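S.K.: Here is the input, now give the coordinates:
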Amino acid sequence: MLLAGTKESHTKTEISQLGRDFYKGIVKKDVLKKGIEALYFIYSAMEDELERNKDHPYIAPIYFPTELYRREALAQDLQYFYGVDWESLISPSPATTLWVKRIHEVGKKDPGMLVAHCYVRYIGDLSGGHLLNNVAKKVLRLPATGDGLRFYQFEGITSHKGFKQLYRSKLNEVDVEMETKLSIVDEAIRAYDYSLLVIAELEEIGKTSKEEATGFGHSHAGAMGGEGKCPFSSGNTAAGESATYLSHIPNQLAVAALVAILAGFTAWYSLRAP
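M.R.: Model prediction:
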């Protein structure tokens, strides 16, 4: 069900110019900065609503502020790129505003739906962040200290794989009715669609930017786990992790992780089905 429901969005992501550029190791710093801005507003909204609803029966099991929260890390990245006055220099884009509005809406009216946004974002970040951190650092020649890429550094987590397993196990402990499961899956797809809107905005920025892109000058398929083949193609047997990497292109947009949805929600749906 979820595979069929997300097929169209997956196809759109596969042909994304940003996805193709990433595969070639091409990055523009102004696109990177705008991506960080988008993430800052998205995570700020999400984490505000998590705090407001941390005792909700669906939220409490996956409430890991120390391990997962990204707002402070993103603030550090913005300060690195914009300076100490960064807060006065940023504003949410139209697509980002739509996503933020939706997060606040479900947080106030139907908090259980926050599970979808949290899973899409946090588990996706854990799935692809380690690779994208290395790629962006090398291409943009960012400091070895991690400045500018704090977003991908989960200092409270020693094992990304182990934590993802823990997170999924906590989800499985939640007693959810079938109708609610379907609603959460629908909300995850909606979050994915919002991410596509943000991607489209960043692509336009990249097209109009006069900045010269930096990059490896060649495809880095090996680093992506493929053998000379785009890791985001539907025929790749490693798609379980590779497509997640596409969701974290080095412009720091870190768009919704489709494979995190497929691997996680499909498993959850199957385990909880009567």
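
S.K.: how about the helices of the protein, start to end?
M.R.: For the chain, applying DSSP state H gives helices covering 2-14, 17-24, 29-52, 65-68, 71-82, 94-109, 114-118, 124-140, 160-172, 178-208, 221-224, 239-246, 258-260, 266-272.

S.K.: got CSV for the ones you listed, with distance to Asp147, mean pLDDT and mean neighbour count too?
M.R.: In this view, the C-beta of every residue, glycine as well, is placed from N, C-alpha and C. Converted to CSV, these look like this (distance: least, C-beta to C-beta, whole Å; pLDDT from 0 to 100; neighbours: other C-beta atoms under 10 Å):
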stretch, distance to Asp147, mean pLDDT, mean neighbour count
helix 2-14, 29, 42, 15
helix 17-24, 21, 61, 20
helix 29-52, 12, 93, 22
helix 65-68, 21, 97, 14
helix 71-82, 5, 95, 19
helix 94-109, 24, 98, 17
helix 114-118, 27, 93, 24
helix 124-140, 10, 73, 21
helix 160-172, 21, 90, 15
helix 178-208, 22, 87, 18
helix 221-224, 22, 43, 15
helix 239-246, 22, 36, 23
helix 258-260, 27, 36, 26
helix 266-272, 36, 43, 14
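
S.K.: out of the ones you listed, nearest to Ser88?
M.R.: The closest of the helices of the chain to Ser88 is helix 71-82. By C-beta to C-beta, the value is 9.0 Å.

S.K.: thinking again about what came up before, generate CSV for the helices of the chain, with distance to Phe151 as supplementary columns.
M.R.: Compiled in CSV, the helices of the chain are given as follows (distance: least, C-beta to C-beta, whole Å):
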stretch, distance to Phe151
helix 2-14, 20
helix 17-24, 16
helix 29-52, 7
helix 65-68, 12
helix 71-82, 5
helix 94-109, 15
helix 114-118, 16
helix 124-140, 8
helix 160-172, 14
helix 178-208, 15
helix 221-224, 19
helix 239-246, 15
helix 258-260, 16
helix 266-272, 26
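
S.K.: Can you say which of these is nearest to Arg150?
M.R.: Using C-beta to C-beta, the helices of the chain put helix 71-82 closest to Arg150, at 4.0 Å.

S.K.: circling back to that earlier point, for Gly148, which of the helices of the chain is the nearest?
M.R.: Nearest to Gly148 among those is helix 71-82 (4.6 Å), distances taken as C-beta to C-beta.

S.K.: got the CA positions of that closest one in PDB?
M.R.: This file holds the C-alpha atoms of helix 71-82, laid out as PDB (Å, rounded to 0.1, in the frame of the first residue of the first chain):
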ATOM      1  CA  ARG A  71      17.400  23.100  16.000                       C
ATOM      2  CA  GLU A  72      20.500  24.100  18.000                       C
ATOM      3  CA  ALA A  73      22.800  22.300  15.600                       C
ATOM      4  CA  LEU A  74      21.100  24.200  12.700                       C
ATOM      5  CA  ALA A  75      21.500  27.500  14.500                       C
ATOM      6  CA  GLN A  76      25.200  26.800  14.800                       C
ATOM      7  CA  ASP A  77      25.400  26.100  11.100                       C
ATOM      8  CA  LEU A  78      23.500  29.300  10.300                       C
ATOM      9  CA  GLN A  79      25.900  31.300  12.500                       C
ATOM     10  CA  TYR A  80      28.800  29.800  10.700                       C
ATOM     11  CA  PHE A  81      27.500  30.800   7.300                       C
ATOM     12  CA  TYR A  82      25.800  34.100   8.100                       C
END
